[in-house]
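[1] can you look at this prediction? I've put the sequence above it.
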Amino acid sequence: MADTMQAAVWYGKKDIRIETVPVPPPPKPGWVQIKVDWCGICGSDLHEYLAGPIFIPMEPHPLTGCHGKVILGHEFSGVVVATGDGVNNVKVGDKVAPDACQHCGECQPCREGRYNVCEKLAFTGLMTDGAFARLVNVPSELCVIVPPGVSQEDAAVMEPLATGFKAVRMAGSILGLNIVILGAGTIGLGTLMAAKAAGAGQLIVVEQAAARIEKAKAAGADVIINSKEQDPIAVVKELTGGHGADVSFECIGNKLTGPLAVDVIRNTGTAIIVGIFEEPSPFNFFSLSGTDKRVYGSLAYTVEDFKGLAALMAKGAISAAPLITGKIELKDLVEKGFLELINNKDQNIKILVRP
Ligand SMILES: [Zn+2]
Ligand SMILES: [Zn+2]
């Protein structure tokens with residue numbers, strides 16, 4: 001049975017099966033095959049389980065052709081076990097953490113180096129087979145070598161951390177500034193750590209769940225506003241001399257916290273929207289035209305963000321370990337992974353799976 005492996009295959013809503021599948025073929029030119037060490041469960045995986053298909057294509061995907069079912073898993077670390085022709089950035093035996101943004105290389109965003117918003121973006125593990133399996137093939141250009149001193153467990157969390165790193169990079173210099181981060185889930189905590197590493201002044205986190213409030217404290221928040229008990233706009237004003245924050249990061253994706261990201265910043269300030277929203281928000285655009293405030297969207301990252309993040313992790317400025325709240329085997333993915341995250345949302349940040 002050397003040519004098969006166990007994998008977590010999405011077939012439909014509430015239908016993820018751990019089953020025997022063929023191993024991937026030898027990697028194409030420019031691609032590598034990776035033996036997966038750890039793969040984290042993402043909120044988007046949960047959404048596909050509970051309400052999918054959301055990102056999973058039902059028609060052949062324009063870049064990958066994938067549709068109808070897919071091996072999930074995009075937050076992973078592993079070891080290169082085979083390389084296709086022309087691969088020279090990594091070699092067999094290298095420990096790597098791959099960026100999940102497979103892209104066309106031809107559209108305008110790709111040509112600007114912003115392939116995270118490629119017009120044909122194909123996320124590994126959603127729009128083509130992913131890493132809840134022993135082996136996965138990905139383009140070599142997406143692979144970053146895990147620096148010495150960073151464990152393969154921590155390296156599996158580089159993917160979500162890179163999303164926070166990129167959001168902070170979009171804000172420009174935040175040296176000494178007042179920053180508000182809405183939400184202390186994986187993305188909010190990653191943004192918090194990146195903002196701290198980037199020299200933020202006052203770091204204010206807005207969160208409601210007790211376990212996440214503790215995580216935010218440990219990750220370097222200066223002030224935490226529990227929005228169940230306090231009005232975040234009033235408290236942020238009080239903490240910033242009556243003006244509002246310089247920069248906010250929305251890392252929740254709730255219809256109320258989207259507009260809140262604009263309301264907590266001062267005139268001419270910047271709000272960066274990172275959350276994945278399911279519902280539209282009521283929003284008065286005069287809160288922009290009357291204030292010169294700016295709003296940017298930020299999706300994912302590129303491999304350059306992975307490289308910058310790797311450098312910060314190597315010297316301990318960002319640590320993934322506090323985010324890891326569980327480790328499980330592939331066979332337990334649904335019961336001890338998905339259902340645990342759904343039923344005990346507040347107790348968990350990141351559960352890693354060993355395929
Ligand atoms: Zn994810
Ligand atoms: Zn493109």
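    Structure's in. What do you need? Numbering: from 1, shown residues only. Ligands and ions are numbered 1, 2, ... in the order given.
[2] mind telling me which residue of the stretch 201-350 of the chain is nearest ligand 2?
    Using CB to the ion, the closest approach of the stretch 201-350 of the chain to ligand 2 is made by residue 302 at 11.8 Å. Yep, even glycine has a C-beta here, placed from its N, CA and C like the rest.
[3] can you pull the contacts of that residue?
    By CB atoms under 8 Å, 6 or more residues apart in numbering, the contact set of residue 302 is 99, 101, 113-116, 166.
[4] got it, and residue 74?
    Residue 74 neighbours (CB under 8 Å, 6+ apart): 39, 42, 100, 123-126, 130-131, 159.
[5] redo that, cut-off 7 Å
    42, 100, 123-126, 130-131, 159 (CB atoms under 7 Å, 6 or more residues apart in numbering).
[6] mind listing which of these are in helices?
    In helices, defined here by DSSP state H, the members of the contacts of residue 74 are residue 159.
[7] neighbours of residue 50, how many?
    Residue 50: 12 surrounding residues under other CB atoms under 10 Å.
[8] which parts of whichever strand or helix holds it are buried?
    In the assignment (DSSP states H and E), residue 50 maps to helix 43-51. By 16 or more other CB atoms under 10 Å, the buried positions in helix 43-51 come out as 43-46, 48-49.
[9] redo the residues you listed as a markdown table? Include pLDDT.
    Output for these, formatted as a markdown table (pLDDT from 0 to 100):
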| residue | pLDDT |
| --- | --- |
| 43 | 91 |
| 44 | 92 |
| 45 | 95 |
| 46 | 94 |
| 48 | 95 |
| 49 | 95 |
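[10] ligand 2: which of the residues you listed is nearest?
    Checking the buried residues of helix 43-51 against ligand 2 by CB to the ion gives residue 44 as the nearest, at 20.2 Å.
[11] which residues does that closest one contact?
    Residue 44 is in contact with 55, 126, counting by CB under 7 Å, 6+ apart.
[12] got the contact list for the closest residue to residue 147 other than its chain neighbours?
    The shortest distance from residue 147 to any non-neighbouring residue, by CB to CB, 6 or more residues apart in numbering, is to residue 314 (3.7 Å). Contacts for residue 314 (CB under 7 Å, 6+ apart) come out as 147, 149-150.
[13] which members of these are classed as buried?
    147, 150.
[14] and the contacts of residue 314, which is the shakiest by pLDDT?
    Least confident entry in those, by pLDDT: residue 149, with 94.
[15] return the set of buried residues in the helix or strand where residue 166 lies.
    Assessed by DSSP H and E, residue 166 sits inside helix 158-170. Under the neighbour-count criterion of 16+ other CB under 10 Å, helix 158-170 has 158-169 buried.
[16] over to stretch 27-40?
    In stretch 27-40, counting by 16+ other CB under 10 Å, buried: 27, 31-34, 36-40.
[17] what of stretch 259-272?
    Of the residues in stretch 259-272, 259-266, 269-272 count as buried by neighbour count, 16+ other CB under 10 Å.
[18] pick out the residue nearest the middle of the chain.
    With distances taken as CA atoms, centre = their mean, the residue of the chain nearest its centroid is residue 160 (2.7 Å).
[19] okay, and for this structure, where does confidence drop off?
    1-2 (pLDDT under 70).
[20] break it into its domains for me.
    As assigned by automatic domain parsing, the chain contains the domains 4-157+320-354, 164-297.
[21] tabulate those domains (CSV), appending distance to ligand 2.
    Shown next, in CSV, are those (distance: least, CB to the ion, whole Å):
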stretch, distance to ligand 2
domain 4-157+320-354, 3
domain 164-297, 17
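[22] same list (those domains) but as TSV, adding distance to residue 308.
    Shown next, in TSV, are these (distance: least, CB to CB, whole Å):
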stretch	distance to residue 308
domain 4-157+320-354	10
domain 164-297	6
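[23] among the contacts of residue 302, who's most crowded?
    Most surrounded of the contacts of residue 302: other CB under 10 Å gives residue 99, at 27 neighbours.
[24] pretty sure that one contacts residue 140?
    No - under the criterion of CB atoms under 7 Å, residue 99 makes no contact with residue 140, lying 11.1 Å away.
[25] what about the helices in this structure?
    With DSSP H, the ranges of helices along the chain come out as 43-51, 108-111, 152-156, 158-170, 186-197, 210-218, 232-239, 257-263, 286-289, 303-314, 339-343.
[26] between the ones you listed, which one is closest to residue 320.
    Nearest to residue 320 among the helices of the chain is helix 152-156 (3.9 Å), distances taken as CB to CB.
[27] just checking, what packs against that closest one?
    Packing contacts for helix 152-156, counted by 3 or more CB pairs under 7 Å, 6 or more residues apart in numbering; DSSP states H and E, involve strand 31-40, strand 75-83.
[28] can you list contacts of the last one?
    Contacts with strand 75-83, where a contact means CB under 7 Å, 6+ apart, come from 26-27, 32-40, 42, 90-98, 131, 140, 146, 152, 155-157, 159-160.
[29] and the first one, by the same measure?
    By CB under 7 Å, 6+ apart, the residues outside strand 31-40 that reach it are 24, 27, 73, 75-84, 87, 90, 96, 98, 131-140, 143, 152-153, 156-157, 350-355.
[30] which residues touch the closest residue to residue 38 other than its chain neighbours?
    Closest residue to residue 38 apart from its sequence neighbours, by CB to CB, 6+ apart: residue 156 at 3.9 Å. Applying CB under 7 Å, 6+ apart to residue 156 gives the contacts 38-40, 75-77, 352.
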